[in-house]
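Asker: Turn this into a model:
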Amino acid sequence: VGLFSILAATADPATGEEATLAEKIANLNFSTVFRQFVWFLVGVVAMIAALSIDYNYLREITPIIYWINIVVLLLLFGLATATNNTVSWYKFGNIGFQPSELAKISMILMLSRALAARSGDEKISSFREFFHLAKYAAIPFVLIAVQPDLGTAMVVACITVGMFFVARVDKKIVLSCIGAVAAILPVAWFLMKDYQQNRLLVFFGLAEDAASQYNVNMSKMAIGNGQLTGNGLFGTGGMSQLNWVPVKESDFIFAVTGETFGFIGGLVVLILFGLLLWRTISIALRARDKYAMYVVIGVACMIFAHVFENIGMAMGVMPVTGIPLPFISYGGSNMLTNMLAYGIVLNISTKW
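Answerer: Purely as a prediction, here's the structure:
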């Protein structure tokens, strides 16, 4: 689905209904799809490697993995070149790598290790213990947020909330955290860039911003243009091919999927993600130890956060943030991260 959606997103404007099949195929741009397929193959290698290592050994080396990732995130501020006003990428010629993607996995592994090391099945009722555990998520969260990459930072926050929910946190700590977040929000607001503030104001209907509204409106119109069955891969007059949809191969890829394959295609994508999450949670429930369970729950929370935010953004029910749709959006770092994550999940599923 991802490869065909990217193929549709990057196609040249169609030549018309009278064009031959060969002419329509000639309009397709295979270079971007090829690069994504190469990243998929790299991801397969990473998945096989993760599947081949005993996850108990992975638990032992987790601190090394985690702190290396933290150092790599820190070095961004001195070595990375700013792209779109953020320092999120290392550039190696034409190849870019986003370390915050792999940082999500290292955070999941480290927090899982810390949660599993707790004795007994008691709730987390001590503030001291809670802050000791939360620091493993707070460090990458802050380093990613100040890049600034608030989309990925919020994914880290969602993963953390999900894992602490499973670990069971005492009500007093939950209420205290809600109060602390409410108190910090005014400070966070003034630390945001102007465009980030505008996106939130537009989302809540408190302001008008032509650029933000344009992006979402074009996305919703493209989804609607697909109607029930879509325009097809060789459809004519599509908003995606005519470049009305912004960042169409990555952030707004679901708009392209909806326009190309219609309501049915969009529904199939949602069902596939639902099945993926159901199977992931099933593996977590049958994991043979707490560490394995927390790791799989963390991966499920990561995928859910990406899917909910990306598709919600494309449909105008969530604020605009630049996070990809797993396995579908164009992007090597995200594809590699997801494949590696599911290599670990499959590893755990073989050790029941």
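Asker: Contacts only, for the most centrally placed residue in the chain.
Answerer: The centre of the chain sits closest to H306, judged by Cα atoms, centre = their mean, with a distance of 3.8 Å. By Cβ atoms under 8 Å, 6 or more residues apart in numbering, the contact list for H306 reads V155, I323, P324, L325, P326. The C-beta positions use only the backbone N, C-alpha and C, and glycine is treated the same way.
Asker: how much space between the second one and G96?
Answerer: Between I323 and G96 the distance, using Cβ to Cβ, to the nearest Å, works out to 16 Å.
Asker: give me the low-pLDDT residue ranges for the stretch 101-250 of the chain?
Answerer: The model of the stretch 101-250 of the chain has pLDDT under 70 over residues 191, 195-196, 203-212, 234-237.
Asker: What segments of it are helices?
Answerer: 127-145, 150-167, 171-191, 194-203, 210-225 (DSSP state H, counting those that start in this stretch).
Asker: who wins for proximity to V296 among the ones you listed?
Answerer: V296 sits nearest to helix 150-167 of all those, at 10.1 Å, using Cβ to Cβ.
Asker: burial count for G162?
Answerer: For G162, the neighbour count with other Cβ atoms under 10 Å is 18.
Asker: coming back round to it: I323 and G96: which is more packed in?
Answerer: Per other Cβ under 10 Å, whichever of I323 and G96 has more neighbours is I323, with 23 against 16.
Asker: wait, is the more buried one part of a helix?
Answerer: No - read with DSSP: H, G, I helix; E, B strand; the rest coil, I323 is coil and lies in no helix.
Asker: Surely it is in contact with C158?
Answerer: No - at 10.7 Å, I323 does not count as touching C158 under the criterion of Cβ atoms under 8 Å.
Asker: hmm, back to that, within the helices and strands, which one has the residue nearest to the centre of the chain?
Answerer: Following DSSP states H and E, one finds H306 within helix 290-314.
Asker: about what we covered before: okay, the helices of the stretch 101-250 of the chain, which one's buried deepest?
Answerer: Most buried of the helices of the stretch 101-250 of the chain by mean neighbour count (mean count of other Cβ atoms under 10 Å) is helix 150-167; its value is a mean of 21.
Asker: Next one: the nearest residue to V307 once chain neighbours are set aside relative to G179, how far apart?
Answerer: The shortest distance from V307 to any non-neighbouring residue, by Cβ to Cβ, 6 or more residues apart in numbering, is to F273 (5.0 Å). From F273 across to G179, the span is 34 Å (Cβ to Cβ).
Asker: Then R286?
Answerer: Distance of R286 to G179, computed by Cβ to Cβ: 37 Å.
Asker: Kindly report the same for L3.
Answerer: Distance, L3 to G179, by Cβ to Cβ: 46 Å.
Asker: Likewise for G232?
Answerer: As judged by Cβ to Cβ, G232 and G179 stand 52 Å apart.
Asker: next one: T337
Answerer: Relative to G179, and taking Cβ to Cβ, T337 is found at 33 Å.
Asker: before we move on, the earlier item: which residue in the contacts of H306 has the weakest pLDDT?
Answerer: Scanning the contacts of H306 for pLDDT, the smallest score is found at I323, 89.
Asker: and the residue nearest to A167 when sequence neighbours are not counted, how far is that from Y294?
Answerer: Once flanking residues are discounted, A167 sits nearest to L115: 5.1 Å by Cβ to Cβ, 6+ apart. Distance of L115 to Y294, given as Cβ to Cβ: 5 Å.
Asker: Count residues in the vicinity of I70, would you?
Answerer: Neighbour count for I70, taken as other Cβ under 10 Å: 19.
Asker: How about G230?
Answerer: Counted with other Cβ under 10 Å, G230 comes out at 21.
Asker: Contact partners for it?
Answerer: Taking Cβ under 8 Å, 6+ apart as the test, what G230 contacts is G258, E259, T260, F261, G262, I264, G265.
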